[in-house]
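[1] Make a model of this:
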Amino acid sequence: MPGPDRITARFAALKAENRAGLVTFVTAGDPNPGAFAEILAALPEAGADIIEVGMPFTDPMADGPAIEAADLRALAAGMTLPKVIELVRGFRAKNDTTPIVLMGYFNPIYAYGVERFVKDAREAGVDGLIVVDVPPEEDVELGVPARAAGLHMIRLATPTTDEARLPAVVNGASGFIYYVSVAGITGGAAGDVQAVGAAVERIRTASGLPVAVGFGIRTPEQAAAMARQADGVVVGSAIVSLIGAAAERGDTNIAEQAATLVRSLSEAVRSARAEEKVA
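    Sure, this is the predicted structure:
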């Protein structure tokens, strides 16, 4: 891929360290653009290996109440897709190594203009896209122009992705595969660890890509359990819920609070396989 390939480099480094990566999700502009910029800047130092930045949307159908509320807070604070891209550009002025993945839905991208969006996103320092409502069959709509611009297209696999469906899912995917550990929306219960482990191995073999597991992972203990099975562990709703609660209280140290939570998750993920060896 043209330009820096931060995602591939990061997973290579994680493999060399024999550990999973922590992938954190936050909603762009939540609770307001200024506070969000502080939160985003704090995440890598707290231990986030890859950051997913949600593009706020009024109808986030795959997301639970926490992320839906975050979207509404961000939109109320004036967040738009061009402003999301500018927030990434500001982050890149100080951090050129942590991979950034934009995650969301196709409607805002379509309204922005696909060709313009992928060009602007790449130039701002975005590394990949997760767009949950664009299936592999519609790859020409976004996947083809995104890859041409140098962006990874990260695909979702789920517990219902069977052997017949998996080849279509992994075809054209790059960077990593995001395995949704449960059937449902974000913020629910975590998936069964053993079942997740088997699914990860199957997807990894089919795709040749690292597999990050998300949905329902909220605590350091859950993160550590998944880190023993996967190449990456995604935590979103727990962080977003903390941000929402702190904003509602009127706290001014939201970035510090988010960093404290991420640090505890990172420590659990980083130690998971070491503990396994000792056991």
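[2] can you pull out the helices in the stretch 51-200 of the chain?
    Along the stretch 51-200 of the chain, the segments classed as helices by DSSP state H, counting those that start in this stretch run 65-76, 81-92, 106-112, 114-124, 139-149, 166-170, 193-207.
[3] okay if I get the ones you listed as JSON lines plus mean pLDDT?
    Formatted as JSON lines, the helices of the stretch 51-200 of the chain follow (pLDDT from 0 to 100):
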{"stretch": "helix 65-76", "mean pLDDT": "94"}
{"stretch": "helix 81-92", "mean pLDDT": "98"}
{"stretch": "helix 106-112", "mean pLDDT": "97"}
{"stretch": "helix 114-124", "mean pLDDT": "98"}
{"stretch": "helix 139-149", "mean pLDDT": "97"}
{"stretch": "helix 166-170", "mean pLDDT": "96"}
{"stretch": "helix 193-207", "mean pLDDT": "93"}
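[4] Rebuild those helices as TSV, extending it with mean neighbour count and distance to Pro220.
    In short, each C-beta sits where N, CA and C put it, glycine included. Putting the helices of the stretch 51-200 of the chain into TSV (neighbours: other C-beta atoms under 10 Å; distance: least, C-beta to C-beta, whole Å) gives the following:
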stretch	mean neighbour count	distance to Pro220
helix 65-76	21	18
helix 81-92	19	25
helix 106-112	16	33
helix 114-124	18	32
helix 139-149	17	34
helix 166-170	16	30
helix 193-207	17	15
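[5] Could you tell me the end-to-end distance of stretch 40-60?
    End-to-end distance of stretch 40-60 (C-alpha to C-alpha, to the nearest Å): 21 Å.
[6] from now on call the first residue 46
    Okay, residue one is now 46; in that scheme the one you just asked about reads as stretch 85-105.
[7] Show me the strands in the chain, by range?
    Ranges of strands in the chain, per DSSP state E, are 66-72, 95-99, 145-149, 173-176, 197-198, 201-202, 222-225, 256-259, 277-280.
[8] averaged over its residues, what pLDDT does the fourth one have?
    In this model, strand 173-176 carries a mean pLDDT of 97.
[9] same check, this time on the second one
    Per-residue pLDDT values over strand 95-99 give a mean of 98.
[10] Can you tell me what sits against that strand?
    52, 55, 66-73, 85, 88-89, 112, 115-116, 129, 132-133, 143-149, 175, 257, 277, 279, 281 (C-beta atoms under 8 Å, 6 or more residues apart in numbering).
[11] For it, which strands pair with it and how are they oriented?
    Strand pairing for strand 95-99, using DSSP bridges, gives strand 66-72 (parallel), strand 145-149 (parallel).
[12] if we can go back for a sec, would a markdown table of the helices of the stretch 96-245 of the chain with distance to Val98 be doable?
    Below are the helices of the stretch 96-245 of the chain laid out as a markdown table (distance: least, C-beta to C-beta, whole Å):
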| stretch | distance to Val98 |
| --- | --- |
| helix 110-121 | 11 |
| helix 126-137 | 7 |
| helix 151-157 | 13 |
| helix 159-169 | 10 |
| helix 184-194 | 16 |
| helix 211-215 | 23 |
| helix 238-252 | 23 |
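[13] Any idea which residue is closest to the centre of this protein?
    With distances taken as C-alpha atoms, centre = their mean, Glu97 lies nearest the centre of the chain, 3.2 Å away.
[14] Quick one: residues contacting the residue nearest to that one when sequence neighbours are not counted.
    Excluding the flanking residues, the one nearest Glu97 by C-beta to C-beta, 6 or more residues apart in numbering is Phe70, at 4.3 Å. Taking C-beta under 8 Å, 6+ apart, we find Phe70 in contact with 96-99, 112, 148, 259, 279-282, 284-285.
[15] try Met198
    Going by C-beta under 8 Å, 6+ apart, Met198 touches Gly173, Leu174, Asp184, Leu187, Gly188, Ala191, Arg192, Gly217, Ala218, Ser219, Gly220.
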